[in-house]
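J.: Provided below are the primary sequence and the corresponding predicted coordinates.
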Amino acid sequence: MIQRCQITAAKGSAPVTILVAGATSAKAPKPIQEEAARLAKGEVSGVRSLLHDGHTWLLAAVKSQDWLVGGEDWRVLGGQLIQALRDSGHSAAVVEISADAAQVAALAEGMVLGDYRFDSCRSGKAAKRAKLTVRFPGHSKAVAQAVAQADAQNLARELCDMPGNLMNPRTFVARARKELAGLGLSISLIEGVAALAKARFPGLVQVGRAGSAPPALLTIRYTPKKGGKAAKVTKNAKKGPQLALVGKGITFDSGGISLKPGAGMWEMKGDMGGAAAVLGAMKLIAQQAPKVPVIGYCALAENMPDSLAQRPGDIYQARNGTYIHVDNTDAEGRLVLSDVLTYACEQGATHMADAATLTGACLVALGTNIAGLMANDEAWAQTVRASGQEVGEELWPLPLYGEYRKLIDHPHADINNTGGKFAGTITAGLFLKEFVSESVKWAHLDIAGPAMMGGPWRYFTKGNTGFAVRSFARLAHKLA
Ligand code: BES
Ligand code: MN
Ligand code: ZN
């Protein structure tokens, strides 16, 4: 989408110079150097704005915290600096920084993420923000990487922030096609109740059949280019890994016949954070070109009540043969995901990760800032967790504790779609596990907390965050 603040590596002058205390090689006037020294010593904090000979200097120091991992301290700083720059009223700045590429990239990312506003539904003056150019001379590689990454994440945020009347399975697919055009990905679509029933995705049919737009399964395939050493080595060796990324894409979750209470229901326009993260990550992966095939699956539906809607008490047979009892139509995420997980295994995935705004219980367990991580393989869980930590997203392990499986027993079917009052995140994870082939290494991310923010957080404003885009792209890189 439109890059509000344009970040470039080009040289050039600007009315504002941004310095990070302790990480600059620029020759600054004496008073500026003194202020930088005070910042570095911790005598002052925050973003300092100084005017010297008609030139504005924005100074700040990185503030490390033990919970800010994977460059988050630099992203937070980027968010503060871009805000200060906006407040200054200037339209261009140059960042004089000497730090390692990962730190520079995180700083630039924080700026692009921190400058995001959802304003495509605003008219008049509010819809227009001034163009802002920030130059990072000498850092072209870090800047290119940062901008691609932050743009992909902002894309995911925008899709989730879009209201349900504008963002439904159909408009999601249209936007995905537009965003992915020309990147060499192959896209396929199964759309509508009849086609999905025929292709055996009964969960999407059950959940999406009362939606204002038909449910859909969007598949996005990335195949690494042949040639080069890597391809030759694997040619005669055993077949390499294939990564599947699966996302819950409920464009609006009213709860269905098990209707949610009215207060705060609007937030469920963002119940597609998993699918949006898959889309953003696939866009990023196409640009980063890791040497591993990746298939992204977006399970798209609108969960609404009407006379066609599924009922509590319905029993249907999933793709893998399991009979599912629908105790509560508001536990719809696991229904749309289950057949898609099975399908991804059929399609040859060796490694898999899904992301879903799946349970309110995950917010109770881990709060708003941490995602739940459940997996059927310990080593894979660690790889996935490390991917998150390397990019500043916390994915915290929860157990798929076998003894709790009986919480989702049902006397009339093989499995129930709710598990009662306790361990709601784990019982949802245990439910999903039954649709994954045991030979596939699988991890489930419950992103109900960090995907949606009720207020400002780090470099985010109130709204959706695009959580898991970076972790997913990193995961592909790690598996390659
Ligand atoms: N999309 C919700 C979960 C959710 C809640 C995400 C709050 C983000 C913020 C999900 O579909 C849902 O409604 N889950 C139910 C499950 C229950 C009926 C077993 C829940 O968490 O209450
Ligand atoms: Mn629900
Ligand atoms: Zn939901």
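T.: That came in fine, so what should we check first? Ligands and ions are numbered 1, 2, ... in the order given.

J.: is any part of stretch 369-388 close to ligand 1?
T.: No: taking C-beta under 6 Å from any ligand atom as the criterion, stretch 369-388 and ligand 1 are apart, separated by no less than 11.4 Å. C-beta coordinates here come from the backbone N, C-alpha and C atoms, glycine included.

J.: using CSV, list the CA coordinates for that stretch.
T.: Extracted in CSV, the C-alpha atoms of stretch 369-388 (Å, rounded to 0.1, in the frame of the first residue of the first chain):
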residue,chain,number,x,y,z
ASN,A,369,1.5,-9.1,24.3
ILE,A,370,2.4,-12.8,24.0
ALA,A,371,1.1,-15.4,21.6
GLY,A,372,0.5,-19.0,22.7
LEU,A,373,2.7,-21.7,21.0
MET,A,374,1.6,-25.3,20.9
ALA,A,375,3.3,-28.0,18.8
ASN,A,376,3.4,-31.8,18.2
ASP,A,377,7.2,-31.8,18.1
GLU,A,378,9.5,-30.3,20.7
ALA,A,379,12.4,-29.4,18.4
TRP,A,380,10.0,-27.7,15.9
ALA,A,381,8.4,-25.8,18.8
GLN,A,382,11.9,-24.5,19.7
THR,A,383,12.6,-23.5,16.1
VAL,A,384,9.4,-21.6,15.8
ARG,A,385,9.9,-19.9,19.1
ALA,A,386,13.4,-18.9,18.1
SER,A,387,12.1,-17.5,14.8
GLY,A,388,9.8,-15.2,16.9
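
J.: what does that stretch contact?
T.: 70, 351, 353, 355, 362, 365-366, 393-400, 425-426, 429, 433, 436, 438, 440-447, 449-450, 457, 467-468, 471-472, 474-475, 478-479 (C-beta atoms under 8 Å, 6 or more residues apart in numbering).

J.: may I see the buried residues of that stretch?
T.: 369-376, 380-381, 383-388 (16 or more other C-beta atoms under 10 Å).

J.: low-confidence ranges in the stretch 101-250 of the chain?
T.: In the predicted model of the stretch 101-250 of the chain, residues 227-238 satisfy pLDDT under 70.

J.: in helices, which of the contacts of stretch 369-388 appear?
T.: Judged by DSSP state H, those include 362, 365-366, 425-426, 429, 433, 471-472, 474-475, 478-479 as members of helices.

J.: greatest separation within the residues you listed: which pair is it?
T.: Ala365 and Leu479 (27.9 Å; C-beta to C-beta).

J.: so which of those two has more stuff around it?
T.: For Ala365 and Leu479, the more surrounded residue by other C-beta atoms under 10 Å is Leu479, and the numbers stand at 21 against 18.

J.: so the closest residue to the more buried one other than its chain neighbours: helix, strand or coil?
T.: Excluding the flanking residues, the one nearest Leu479 by C-beta to C-beta, 6 or more residues apart in numbering is Val292, at 5.0 Å. Here Val292 is recorded as coil under DSSP: H, G, I helix; E, B strand; the rest coil.

J.: report pLDDT for Val292.
T.: pLDDT recorded at Val292 is 98.

J.: that one - how many residues pack around it?
T.: So Val292, with other C-beta under 10 Å, has 21 neighbours.

J.: that one contacts Gly240, doesn't it?
T.: Yes: Val292 is in contact with Gly240 according to C-beta atoms under 8 Å; the separation is 6.9 Å.

J.: quick one: the helices in the stretch 151-300 of the chain?
T.: 169-180, 193-198, 202-208, 228-235, 273-288 (DSSP state H, counting those that start in this stretch).

J.: gap between Pro456 and ligand 2?
T.: In this view, Pro456 and ligand 2 are 26 Å apart by C-beta to the ion, to the nearest Å.

J.: give the contact list for Leu77.
T.: 20, 60, 62-63, 107, 110.

J.: now Ala213, nearest residue through space, not along the chain?
T.: Going by C-beta to C-beta, 6+ apart, Ala213 has Asn168 as its nearest residue, at 3.8 Å.

J.: quick one: the one you found from ligand 2, how far?
T.: 16 Å.

J.: equivalent analysis for Ala413, please.
T.: On the measure of C-beta to the ion, Ala413 and ligand 2 end up 19 Å apart.

J.: give me the nearest residue to that residue, chain neighbours excluded.
T.: Nearest one to Ala413, counting by C-beta to C-beta, 6+ apart, is His325 at 3.8 Å.

J.: go on, Ala150?
T.: The nearest residue in space to Ala150 (C-beta to C-beta, 6+ apart) is Val112, at 3.5 Å.

J.: for stretch 437-455, give the mean pLDDT please.
T.: On average, stretch 437-455 scores 98.

J.: for whichever residue of the chain sits closest to ligand 3, list each beta-bridge partner.
T.: Closest approach of the chain to ligand 3 (C-beta to the ion) occurs at Asp253, with a separation of 3.7 Å. Beta-bridge partners for Asp253, by DSSP bridges, are Asn303.

J.: need the contact list for it.
T.: Neighbours of Asp253 in contact, by C-beta under 8 Å, 6+ apart: 260, 268, 271, 303, 330, 332-333.

J.: now render those as JSON lines, adding neighbour count.
T.: Below are the contacts of Asp253 laid out as JSON lines (neighbours: other C-beta atoms under 10 Å):
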{"residue": "Lys260", "neighbour count": "16"}
{"residue": "Met268", "neighbour count": "20"}
{"residue": "Asp271", "neighbour count": "28"}
{"residue": "Asn303", "neighbour count": "30"}
{"residue": "Asp330", "neighbour count": "20"}
{"residue": "Glu332", "neighbour count": "29"}
{"residue": "Gly333", "neighbour count": "30"}
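
J.: go through those and flag which are in strands.
T.: Judged by DSSP state E, strands contain the following of the contacts of Asp253: Asn303.

J.: still on that earlier bit, I'd like the distance between the residue nearest to Leu479 and Leu243.
T.: 6 Å (C-beta to C-beta, to the nearest Å).

J.: could you do Asp100 as well?
T.: 28 Å.

J.: out of the two, which sits in the busier spot?
T.: Leu243 (25 against 10).

J.: the more buried one reaches Leu479, doesn't it?
T.: Yes: taking contacts as C-beta under 8 Å, Leu243 lies within contact range of Leu479: 5.4 Å.

J.: need the residues touching each of these two.
T.: The contact lists of Leu243 and Leu479 share 292, 351, where a contact means C-beta under 8 Å, 6+ apart.

J.: the helices of the stretch 151-300 of the chain: which one's closest to ligand 1?
T.: helix 273-288 (8.2 Å; C-beta to the nearest ligand atom).

J.: tabulate the ones in helices among the contacts of stretch 369-388 (a markdown table), appending distance to Arg405 and pLDDT.
T.: Output for the ones in helices among the contacts of stretch 369-388, formatted as a markdown table (distance: C-beta to C-beta, whole Å; pLDDT from 0 to 100):
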| residue | distance to Arg405 | pLDDT |
| --- | --- | --- |
| Cys362 | 19 | 98 |
| Ala365 | 18 | 98 |
| Leu366 | 22 | 98 |
| Thr425 | 14 | 99 |
| Ile426 | 10 | 99 |
| Gly429 | 11 | 99 |
| Lys433 | 9 | 99 |
| Ser471 | 27 | 99 |
| Phe472 | 28 | 99 |
| Arg474 | 31 | 98 |
| Leu475 | 27 | 98 |
| Lys478 | 30 | 98 |
| Leu479 | 29 | 97 |
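
J.: now narrow the residues you listed to whatever sits close to ligand 1.
T.: Okay, of the ones in helices among the contacts of stretch 369-388, nothing touches ligand 1 (C-beta under 6 Å from any ligand atom).

J.: right, I'll call it a day here.
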